[in-house]
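# The following comprises the amino acid sequence and a computationally predicted model.
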Amino acid sequence: MQYVGAGSIAARGTCGNSGDPILVALRAPRFASAMTDPLGRRSAKHLARDAPRAIEHPADHARSLAEARHDAIECTACPLWKDATQTVFGEGEAHAPIMLVGEQPGDSEDRAGRPFIGPAGRFLDRALIEAGIDREKVYVTNAVKHFKYVPRGKRRMHKKPADAEIAACHQWLARELEFVAPRLIVALGATAARSLLGRATPIENNRGRVLTFSSNAQLLITVHPSALLRIPDEFKREAYLRFVADLKIAARFVNP
Ligand code: SF4
């Protein structure tokens, strides 16, 4: 099994589609974050933050999943990178038969740099096991790669990404889909479905059915595990079993 882990940055000067030269604006490398300008007042990160914005499609340059992961570290294609700790790219089996797509990293994921490791991730892990899916054999990612939140005291409260942020980040999800080439994509919730389908899609009307996504991949829509955490206790068990039932449909693609 090839497992895709975190890496370093990369920058190129031509468009992957057309070959035309393009200006790629990268954030300052992490090792430079403590540097100051000649007046000693502003860090290199702040200088880079205020630099002219030129990136629209930094994901175009990657020639592999590992390169896409590296390039995404420095993405500034929407404003969400500014307040987040780091890019949280997908991880898992590089050619997994199924890809699980969530919304965005949460507080724990933002700090650790890994998707689905917080409370919703643990809930998902439990449901995957019950559905007969080995998380090591799937690829998990999010529609949006930076944590969007509003500060509330010492806490950082999740805030739903805007349509423009979902659209800006779709380029990374598209490259993950291209390189992993799963046979089944599982959209966990409305943001994932919106990113994948390019439009608002009612979850309840479409969940639990295998839909055609492309000539090579099918799509299964279900709820995001964090939504299940918010359900009142008396309904939680039923909602959980329904979620597991959806994942059992996905299990057929892992264990045909
Ligand atoms: S959320 Fe996505 S598009 Fe926006 S800066 Fe982060 S990686 Fe780039």
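Here it is on my side, so go on. Residues are numbered from 1 along each chain as shown.

# what's near enough to touch the residue nearest to the spatial centre of the chain?
Nearest residue to the geometric centre of the chain (CA atoms, centre = their mean): N142, 2.2 Å. N142 makes contact with 88, 90, 101-105, 115, 192, according to CB atoms under 8 Å, 6 or more residues apart in numbering. Every residue, glycine included, has its C-beta placed from N, CA and C.

# Please flag which of those sit within helices.
Among these, the members falling in helices (DSSP state H) are A192.

# can you redo the contacts of N142 as a markdown table with neighbour count?
Shown next, in a markdown table, are these (neighbours: other CB atoms under 10 Å):
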| residue | neighbour count |
| --- | --- |
| V88 | 27 |
| G90 | 29 |
| V101 | 27 |
| G102 | 27 |
| E103 | 25 |
| Q104 | 27 |
| P105 | 32 |
| P115 | 25 |
| A192 | 29 |
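
# Take the contacts of N142 and keep only those in strands.
101-102 (DSSP state E).

# that older thread, distance-wise, check the residue nearest to the centre of the chain relative to the ligand.
Using CB to the nearest ligand atom, to the nearest Å, N142 is found at 9 Å from the ligand.

# who's that residue bridged to?
G102 (DSSP bridges).

# Show me which residues of this structure are close to the ligand?
Within the chain, the positions lying close to the ligand (CB under 6 Å from any ligand atom) are 72, 75-78, 80-81, 87, 144-146, 165, 168-169, 172.

# residues touching the closest residue to the ligand within the stretch 101-250 of the chain, list them.
Nearest to the ligand in the stretch 101-250 of the chain, going by CB to the nearest ligand atom, is C169, at a distance of 3.2 Å. Taking CB under 8 Å, 6+ apart as the criterion, C169 is in contact with 77-78, 80, 143-146, 161, 195.
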